[in-house]
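**Q** generate a structure from the sequence data that follows.
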Amino acid sequence: MTVLEKSVLATIIYYDVFDFPLTLLEVFNLLINPKRISVTEEVGEPDLEKVFKALEELKKLGEIQEW
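**A** A predicted model of the protein is given here:
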């Protein structure tokens, strides 16, 4: 799992605690800083397309579901 995927998953899990489902734009805008997830890996700036691809990969891996 990439650092961005971990960041997206952490964001979704955080808001799931409050029973607050997120849209793609909300995940992007509220994204937990990937640099907080990994201080050793080089992390580029996430953009909407990268976040979308990370969400698709997490769905494929069975880590998240779409409602």
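
**Q** would you list the phi and psi of Asp47?
**A** The phi/psi pair for Asp47 (degrees, to the nearest 10) reads phi -120, psi 170.

**Q** for it, give its distance to Ala10.
**A** 18 Å (CB to CB, to the nearest Å). In this view, the C-beta of every residue, glycine as well, is placed from N, C-alpha and C.

**Q** neighbour-wise, which of those two wins?
**A** Ala10 (16 against 10; other CB atoms under 10 Å).

**Q** mean confidence for the host helix or strand of the more buried one?
**A** Element membership for Ala10, per DSSP states H and E: helix 3-17. Averaged across helix 3-17, the pLDDT comes to 95.

**Q** contacting residues around the residue positioned nearest the centre of the chain?
**A** Computing the C-alpha centroid of the chain and ranking residues by CA atoms, centre = their mean puts Val8 first, at 0.9 Å. Going by CB atoms under 8 Å, 6 or more residues apart in numbering, Val8 touches 27, 31, 51, 54-55, 58.

**Q** how near is the residue of the chain most remote from its centre to Asn33?
**A** In terms of distance from the mean C-alpha position of the chain, Thr40 ranks first, at 18.4 Å (CA atoms, centre = their mean). Separation of Thr40 from Asn33 (CB to CB): 15 Å.

**Q** can you list contacts of the lowest-mean-pLDDT helix or strand in the chain?
**A** Ranking every helix and strand in the chain by mean pLDDT, DSSP states H and E puts helix 34-37 at the bottom, with a mean of 81. Contacts to helix 34-37, defined as CB under 8 Å, 6+ apart, come from residues 3-4, 6-7, 10, 43, 46.

**Q** next: stretch 42-53.
**A** By CB under 8 Å, 6+ apart, stretch 42-53 touches 3-4, 7-8, 24-25, 27-28, 31, 34-35, 37.

**Q** what average pLDDT does that stretch get?
**A** For stretch 42-53, mean pLDDT is 88.

**Q** got the buried residues for it?
**A** Buried residues in stretch 42-53, counted by 16 or more other CB atoms under 10 Å: 43, 46, 50-51.
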